[in-house]
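**Q** Next comes the sequence, and after it the predicted model I'd like to discuss.
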Amino acid sequence: MRLLFLSGHAFLPSTRKASVHFVSEAFAKRGHSVAMVSVGYSLLTRLKDPGLYKSLASEQKNRFVERSPRYRTASYLPLLHPFSSGRRWLDWCMSIAFRLYGSILPRFIRNEVEAADVVFLESGTSICFFDAIRRANKNARIVYFCRDRLDTVGASSYLVASERRLARACDTVLVPSPRMAEHLPPEIKLAHAPQGIDKPAFDRCTVSPYPNRSRNAVAVGNMLFDSAAISAMARHNPDVAFHLFGNGMSGDYPSNVTVYGERPFGKMAPYIKFADFGIAPYRMTEKELYLAQSSLKLQQYSYCLLPIVAPDLLVGARDNVIPYDPASEERCGEVVRQALATERDQAWRDGILSWDEVCASIEEQLPRFPTRSDGSPAHPLPATAGWKVQHQSTGS
């Protein structure tokens, strides 16, 4: 099958991989023809992050390049692009900009849309292209690849409203956690495929990057990042080294905290595998409880048999979660000692899938998607092994 992914994540050797990268690559390895387009970038990116823009523009600017057999990537880089902002007046202006941006498909994307059997739109900027994609190919099945709640990550009001309409109109809403769709309309066609991890990447790690007899904690990813909790843990445990991976994780940290910024997954994996414990320092509320099932780092830590230090709202999410109260600096300090004293258990790996296994569960359903020759609504997917199809009983 020909699959097309639109994502707000850049695909570069120098940047971290998100689940959309792992899933799309796994589909190609399973024999499908896969094209992936990064959207939400433009000359504005050059002003904000010159290095990123240079890397995107150097070879895949508005064209596809082959990364591996059956796998191609491209970056859509117009003069300007809309973006989400917390400022009300700018958010209103961006609503108009998102409409204009998503109304026209550039030729190199249109060609892929017209040839695609299935189009995956990742949550974020990608969804503003829905109408243009449906006009270009009425027969393609459109899957909303929902990885985060837009109202959680600070998306524009236009995207949040568009998501509700898209959820009703697309063929399937694919989520890693049923909780992630609780805010969406009740009549959507909802399917659940859990997160996976790159097991071979961890299995290949044989050399620790840490000094002998040192104690090390690792935190990866900047979503809802609580720098205050990290600072408290580090202050109360000066003999433990804290290693932070991801953009936007700066803070007033003690000297035993190292911020690496964004790193390729292959270089980051040893830091996870050989750490003494992992940290998921989410600054969360009840609304973000879907992270208990969808957080990629929780599964990566668990596969590497790490105790997980996480806010108390995630207690019980996995057997290796050790909770702390983000409002208590004393508890933030104590939880580190508790994590260091926790014995590891092979059972922590139970239920964790590889990306190939995740794609196999999705692939099983793709041939059964109803053909849409007239743009009419598709029927819900049947439930089969490896998938859970659930219809929400309440909207948001």
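**A** Great, that's in hand.

**Q** Mind listing what's buried along the helix ranked longest in the chain?
**A** Ranked by residue count and defined by DSSP state H, the top helix of the chain is helix 88-103. Within helix 88-103, the residues that qualify as buried by neighbour count (16 or more other C-beta atoms under 10 Å) are Met94, Ser95, Ala97, Phe98, Tyr101, Gly102. Backbone N, C-alpha and C define where each C-beta goes, glycine included.

**Q** In a markdown table: these, plus distance to Pro78.
**A** Formatted as a markdown table, the entries for the buried residues of helix 88-103 read as follows, by distance: C-beta to C-beta, whole Å:
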| residue | distance to Pro78 |
| --- | --- |
| Met94 | 15 |
| Ser95 | 18 |
| Ala97 | 11 |
| Phe98 | 13 |
| Tyr101 | 8 |
| Gly102 | 12 |
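
**Q** and the longest helix of the chain, how far from the chain's centre?
**A** How far helix 88-103 lies from its chain's middle: 24 Å, per C-alpha atoms, centre = their mean, to the nearest Å.

**Q** pLDDT on it, on average?
**A** In this model, helix 88-103 carries a mean pLDDT of 82.

**Q** From the contact counts, what lies against the helix or strand just after it?
**A** Beyond helix 88-103 on the C-terminal side, the first helix or strand identified by DSSP states H and E is helix 107-115. When contacts are defined as 3 or more C-beta pairs under 8 Å, 6 or more residues apart in numbering; DSSP states H and E, helix 107-115 packs onto strand 2-7, strand 33-38, helix 130-136.

**Q** of the buried residues of helix 88-103, closest to Phe245?
**A** Looking at the buried residues of helix 88-103 and their distance to Phe245, the nearest is Met94, at 29.9 Å (C-beta to C-beta).

**Q** That closest one is in contact with His81, isn't it?
**A** No. The pair Met94 and His81 does not pass the contact test of C-beta atoms under 8 Å, sitting 10.0 Å apart.

**Q** Spatially nearest residue to Gln97, not counting backbone neighbours?
**A** If you look again at residue 97, you'll see it is Ala, not Gln. Nearest-residue entry for Ala97: Pro82, 3.7 Å, with adjacent residues in sequence omitted and distances by C-beta to C-beta, 6 or more residues apart in numbering.

**Q** ok, the one you found - contacts?
**A** Each residue near Pro82 by C-beta atoms under 8 Å, 6 or more residues apart in numbering is listed here: Met94, Ala97, Phe98, Leu100, Tyr101, Thr125, Cys128, Ser156.

**Q** Distance of it relative to Tyr76?
**A** Computed with C-beta to C-beta, to the nearest Å, the distance linking Pro82 and Tyr76 is 12 Å.

**Q** Tell me where this protein has helices.
**A** Remark: helices of the chain, listed N- to C-terminal, are 19-29, 43-48, 50-60, 88-103, 107-115, 130-136, 157-169, 199-203, 227-236, 265-273, 291-294, 296-303, 329-340, 355-363; assignment by DSSP H.

**Q** So for Ser177, which of these sits nearest?
**A** Comparing those by C-beta to C-beta, helix 291-294 comes nearest, at 3.5 Å.

**Q** what stretches of the stretch 101-250 of the chain score poorly on pLDDT?
**A** Within the stretch 101-250 of the chain, no stretch falls below the threshold (pLDDT under 70).

**Q** List the contacts of the closest residue to Gly251 other than its chain neighbours.
**A** By the measure of C-beta to C-beta, 6+ apart, the closest residue to Gly251 outside its immediate chain neighbours is Ser227, 3.4 Å from it. By C-beta under 8 Å, 6+ apart, the residues touching Ser227 are Met249, Ser250, Gly251, Asp252, Tyr253, Pro281.

**Q** Reformat the contacts of Pro82 as JSON lines; add distance to Ala115.
**A** Listed next are those as JSON lines, based on distance: C-beta to C-beta, whole Å:
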{"residue": "Met94", "distance to Ala115": "31"}
{"residue": "Ala97", "distance to Ala115": "29"}
{"residue": "Phe98", "distance to Ala115": "26"}
{"residue": "Leu100", "distance to Ala115": "25"}
{"residue": "Tyr101", "distance to Ala115": "23"}
{"residue": "Thr125", "distance to Ala115": "22"}
{"residue": "Cys128", "distance to Ala115": "21"}
{"residue": "Ser156", "distance to Ala115": "30"}
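
**Q** And those, which is closest to Val207?
**A** Checking the contacts of Pro82 one by one against Val207 (C-beta to C-beta), the nearest turns out to be Thr125, at 38.8 Å.

**Q** pLDDT score for the nearest residue to that closest one once chain neighbours are set aside?
**A** Leaving out its chain neighbours, the residue that sits closest to Thr125 by C-beta to C-beta, 6+ apart is Gly40, at 3.8 Å. Confidence at Gly40, expressed as pLDDT, is 93.

**Q** So Gly40 versus Phe98, what's the distance?
**A** Where Phe98 is concerned, Gly40 sits at a distance of 10 Å (C-beta to C-beta).

**Q** what do you get for Trp92?
**A** 11 Å.

**Q** just to revisit the earlier point, nearest to Val218, out of the helices of the chain?
**A** Of all the helices of the chain, helix 265-273 sits nearest to Val218, with 5.2 Å by C-beta to C-beta.

**Q** Give the rounded mean pLDDT of the closest one.
**A** The average pLDDT within helix 265-273 is 94.

**Q** Among the helices and strands packed on helix 107-115, which comes closest to Leu313?
**A** Between Leu313 and the helices and strands packed on helix 107-115, the shortest gap by C-beta to C-beta is with strand 2-7, which sits at 28.3 Å.
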